[in-house]
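# sharing a model prediction with you, sequence too.
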Amino acid sequence: MLSLRLRLSLCVLLLLAGTALNASAQSTEQDIKSRLKGKPLYLRGSWSEETLRFDSKGRLIGNPKPISFTLAGFDFKSVKVKSDQVVLRGDRIGTEFDKDIAKRVEIGPLQIVIAKPADGDVNAALDAIFADDLEALAPSLPWYWQGYANCKLLPTTDAPRCSLYQKAVPSKDGSAMKSNKWDLPPHITHRVDATFSAYASQMRYSGATIVSVVIKPDGNPSQLAVIHPVGLGLDEQALAAVAQYKFAAATRNQVPIASEVEIQVDFHIF
């Protein structure tokens with residue numbers, strides 16, 4: 001049987017070891033700076049608002065409006081580790097596309113407040129909040145971005161990824177026809193103007209988005225997807241507008257058929 005003195009010594013050693021492990025797990029300001037500084041970060045949830053709050057596991061607190069990932073980048077500037085929370089400060093970053101080349105631009109301040117975990121280690125929360133770059137973010141983008149993301153945001157050595165991009169929205173039943181398969185092409189009978197996103201309007205940013213759309217035999221648009229983006233939230237605005245278009249369907253042998261076309265939506269500030 002262990003002596004009382006030996007048992008007390010073992011207890012002290014265990015307590016010291018536990019304290020050391022807890023101290024080593026804590027994220028210091030320098031640790032966080034080393035992890036975040038200089039990285040092209042993106043908010044995984046594409047959340048709006050100038051201050052975002054998260055619990056200790058990186059789960060969002062509150063209900064900020066979701067926005068496009070092209071308005072949800074983050075450029076880390078500073079960190080303050082407090083007794084009960086970690087405060088990150090930086091800039092909200094927008095993504096512009098020029099000939100499919102992504103460019104990051106500052107669009108306003110952004111503060112992120114994370115409840116401090118019991119062990120002080122915020123790495124799991126940071127993993128939940130941030131993607132390190134567009135390549136890491138791409139798999140979680142909405143389906144209407146997936147064709148573009150597979151070919152342009154991920155490594156393009158895999159040919160099937162680009163084939164998905166070249167035909168981003170195949171009809172589910174295989175009935176959509178290319179231009180050489182119809183007698184008369186579809187045409188627009190009712191057009192809705194796309195509106196600027198607030199940030200794009202504020203920055204007087206112009207450009208053109210190309211979207212792919214399957215036009216059903218009844219003339220209604222479906223399966224819209226981004227083909228060539230412009231960024232700063234304008235691509236989603238383009239999709240929302242084209243979703244309200246009305247078409248005269250393509251015909252083959254005088255029978256309306258489904259067809260797939262690409263539509264350019266222009267955004268210009270005069």
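Happy to help now that I have it. Numbers count the residues shown, from 1 in each chain.
# got any ranges where the stretch 101-250 of the chain has weak pLDDT?
Counting by pLDDT under 70, the stretch 101-250 of the chain contains low-confidence ranges at 156-180.
# run the last query once more with 80
155-181 (pLDDT under 80).
# and Glu260, backbone torsions?
phi -120, psi 130 (degrees, to the nearest 10).
# just confirm it contacts Val213, I think it does.
Yes: counting by Cβ atoms under 8 Å, Glu260 does reach Val213; the two are 7.2 Å apart. In short, each C-beta sits where N, CA and C put it, glycine included.
# now Ile227. Nearest residue, chain neighbours left out?
Leaving out its chain neighbours, the residue that sits closest to Ile227 by Cβ to Cβ, 6 or more residues apart in numbering is Ile210, at 4.5 Å.
# residues contacting that neighbour?
The contact partners of Ile210, by Cβ atoms under 8 Å, 6 or more residues apart in numbering, come to Val226, Ile227, His228, Glu262, Ile263, Gln264, Val265.
# most neighbours among these, which one is it?
Most neighbours among these, by other Cβ atoms under 10 Å: Val226, with 24 neighbours.
# just checking, Ser201 is part of a strand?
No: assigned with DSSP: H, G, I helix; E, B strand; the rest coil, Ser201 falls outside any strand and is helix.
# what mean pLDDT does stretch 85-94 have?
Summarised as a single mean, pLDDT over stretch 85-94 is 98.
# please name the nearest non-neighbouring residue to Leu134.
Per Cβ to Cβ, 6+ apart, closest to Leu134 is Leu153, 5.0 Å.
# wait, doesn't that neighbour sit right on Ala138?
Yes: the criterion here is Cβ under 8 Å, and Leu153 meets it with Ala138 at 4.3 Å.
# these two touch, right, Ala250 and Lys216?
No: Ala250 is not in contact with Lys216 according to Cβ under 8 Å; the separation is 10.3 Å.
# any shared contact partners between the two?
Listed as contacting both Ala250 and Lys216 by Cβ under 8 Å, 6+ apart are Ala258.
# which of those two has more neighbours?
Taking neighbours as other Cβ under 10 Å, Ala250 and Lys216 compare with Ala250 leading, 26 against 20.
# how near is that one to Leu224?
Ala250 sits 17 Å away from Leu224, taking Cβ to Cβ, to the nearest Å as the criterion.
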